[in-house]
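**Q** Show me the folded form of this:
(one chain, ligands or ions: 1)
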Amino acid sequence: MGIDLSIEYCGVKFPNPYILAAAPPTDKPDMVRRAFDAGWGGAIIKTMSVKEEPVSLVYPMMHGLSYRGQRLMGLENIDLISEHCVDEWLPEITKIKKEYPDQVLIASIMASKKEDWQDLVRRLEDAGIDMIECSFSCPHGMPERGMGSTIGQNAELTERTARWVKEAAKNIPVIIKLTPNVTDITIIAEAVRKSGADSVCAANTVKGLIGFNLDTWSPYPEVNGKSTYGGYSGPAIKPIALKCVAEIAKKVEIPITAVGGLWDWRDAVEFLLAGAETVQSCTAVMAMGYRIIDDLNEGLANYLESKELSCVRDLVGKGLENVMRHEELSREWQVRAFIDQDLCIKCDLCYIACRDGSHQAIERFDDRSVKVDPDKCVGCGFCPQICPVNCITLQPYEVESGEEVSL
Ligand SMILES: Cc1cc2nc3c(=O)[nH]c(=O)nc-3n(C[C@H](O)[C@H](O)[C@H](O)COP(=O)(O)O)c2cc1C
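**A** Residues are numbered from 1 along each chain as shown. Below you'll find the model as predicted:
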């Protein structure tokens, strides 16, 4: 692999753009060491606070959503910040930085008052931490105490708190982790920019209620027959995270680190195209281990090579000019569904989907073969999503002449 995957983000050099998100995989010093041994570019230590901040966990704290055989499409958690306070971490941070000088160690922090935010930053910087990430975004447990997403849902509180943290940081960059549970995330990102903080992380978990147990009528995860709203993560939230990144990148002048739903290197490429400079992962690592970094690196390097690009930065924001407002999209562009008869297994699914969900443009014959009527088909794009063998494609179509144009 000849390609250099390093990237500078907020003035700090990362050996690759992959960062472990603040979460269980970074909750212990030896876990961070194993992650760095595996090759992660950076690691954000699970959110810590001052010793006096109470952390009272409940179990079980996680429940997953499986869909069509795909395990863990999404994961909901009602975890809180770490049980390990800043005092426990300080000596370990100094040691880890000596052992792994080239990998980037970031501390995630949360506090309930100005003195604590500033005290945390000063002590962590003195211990040798490379960067600070502030969680303004946890959707459960913390908002009740005026912390977490209570801050990230309010532009004034965001600007004020981010300014406190930035004031206290002497030389290290400050990232503010935003919540997607807002009407317009760009207003909050703009508040971060105004505060002088260096970057935003978009975005934390999506607030959700993962489901009910039909026997007990308790929501999951069941804590003695009861539960609460939690934070949803994993592949299901990637479109939401990607939208947050693109919206911020298009509107606010601030570096972005992306998080939410990354599962493989393709997701990383998409986050970079949407304007992120680094990408974080939690659920994928929890499910598949630190070792996924090898595939993430290799896939990205091969992709860059195939596009004849020499570095990761060449991808950053490159998809943004193609993200438009709805009214700007071409009304001349016409496509039609095309069924490859050699691959079709005559399962009927496209016929039913088009009949009851779209324009009744797919005909079915006695031998169960199917054919698209190009005069009825509008090219809505639904049938290719339904076909179990991927034999339907959308192809450009000349409306006036009524002739299909080959791709
Ligand atoms: C069990 C669990 C605990 C988490 N704890 C924290 C935390 O302490 N601080 C934080 O900022 N985010 C926390 N997160 C959120 C993750 O850092 C990440 O933003 C989220 O899971 C979305 O990324 P993913 O889809 O790659 O998992 C936690 C997530 C999970 C699943």
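**Q** Look up how far G141 lies from P384.
**A** 42 Å (Cβ to Cβ, to the nearest Å). Every C-beta, even on glycine, is put in place using the N, C-alpha and C of the backbone.
**Q** who's more crowded, these two?
**A** Taking other Cβ atoms under 10 Å, P384 and G141 do not tie; G141 has more neighbours (22 against 16).
**Q** ok, and does the helix or strand of the chain with the lowest mean pLDDT reach over to the ligand?
**A** When the helices and strands of the chain are compared on mean pLDDT, DSSP states H and E, helix 149-152 comes out lowest with a mean of 89. No. Using Cβ under 6 Å from any ligand atom, helix 149-152 never reaches the ligand; the gap is at least 10.5 Å.
**Q** Now the element after that helix, going C-ward?
**A** Under the assignment DSSP states H and E, the closest C-terminal helix or strand after helix 149-152 is helix 155-168.
**Q** ok, and what's touching the helix or strand following that next one?
**A** Later in the chain than helix 155-168, the nearest helix or strand by DSSP H and E is strand 174-177. By Cβ atoms under 8 Å, 6 or more residues apart in numbering, the residues outside strand 174-177 that reach it are 10, 22, 106, 108, 121, 131-137, 152, 158, 162, 165-166, 192, 195, 197-201, 203-204, 257, 259.
**Q** same check, this time on stretch 236-247
**A** By Cβ under 8 Å, 6+ apart, stretch 236-247 touches 65, 73-74, 178, 180, 184-186, 202-203, 205-206, 256, 258-263, 267, 270-271, 274-276, 319-320, 323.
**Q** Name the residues of that stretch that are buried.
**A** Across stretch 236-247, burial judged by 16 or more other Cβ atoms under 10 Å covers A236, I237, K238, I240, A241, L242, K243, C244, V245, A246, E247.
**Q** In which helix or strand does the fifth one reside?
**A** Per DSSP H and E: A241 is located in helix 238-251.
**Q** Does the ligand have contacts with that helix?
**A** No. Helix 238-251 is not in contact with the ligand by Cβ under 6 Å from any ligand atom; minimum separation 7.3 Å.
**Q** of all the residues in the protein, which ones are close to the ligand?
**A** 21-24, 46-47, 62, 75, 77, 79, 81, 108, 135, 177, 204-205, 233-234, 237, 259-262, 281-284.
**Q** In contact with K170, which residues?
**A** E125 are the contacts of K170 under Cβ under 8 Å, 6+ apart.
**Q** What pLDDT is listed against it?
**A** Predicted confidence (pLDDT) at K170: the value is 95.
**Q** Give me the phi and psi angles of it.
**A** phi -80, psi -60 (degrees, to the nearest 10).
**Q** pLDDT averaged over stretch 331-349 - what is it?
**A** 97.
**Q** Is the residue of the chain positioned farthest from its centre in a helix, a strand, or coil?
**A** The C-alpha centroid of the chain is most remote from D366, which lies 46.9 Å away (Cα atoms, centre = their mean). Secondary structure for D366, judged by DSSP: H, G, I helix; E, B strand; the rest coil, is coil.
**Q** Contact partners for it?
**A** Neighbours of D366 in contact, by Cβ under 8 Å, 6+ apart: none.
**Q** Relative to the whole chain's centre, how far out is the least confident helix or strand of the chain?
**A** Centroid separation for helix 149-152 versus its chain: 18 Å, with Cα atoms, centre = their mean, to the nearest Å.
**Q** low pLDDT regions in the stretch 51-200 of the chain?
**A** Applying pLDDT under 70 to the stretch 51-200 of the chain flags no residue at all.
**Q** Now do the helices for it: every range, in order, please.
**A** Taking DSSP state H, counting those that start in this stretch to define them, one finds helices in the stretch 51-200 of the chain at 86-99, 114-127, 149-152, 155-168, 185-195.
**Q** Kindly report the same for the stretch 201-350 of the chain.
**A** Taking DSSP H, counting those that start in this stretch as the criterion, the stretch 201-350 of the chain contains helices spanning 238-251, 265-273, 283-288, 292-306, 349-357.
**Q** Relative to D215, which of those is closest?
**A** Counting by Cβ to Cβ, D215 lies closest to helix 283-288 out of the helices of the stretch 201-350 of the chain; the figure is 26.8 Å.
**Q** CA-only coordinates of that closest one in PDB, if you can.
**A** This file holds the C-alpha atoms of helix 283-288, laid out as PDB (Å, rounded to 0.1, in the frame of the first residue of the first chain):
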ATOM      1  CA  THR A 283     -20.800   0.700  16.900                       C
ATOM      2  CA  ALA A 284     -18.800  -1.000  14.100                       C
ATOM      3  CA  VAL A 285     -15.800  -1.300  16.400                       C
ATOM      4  CA  MET A 286     -17.900  -2.600  19.300                       C
ATOM      5  CA  ALA A 287     -19.300  -5.200  16.900                       C
ATOM      6  CA  MET A 288     -16.200  -6.200  14.900                       C
END
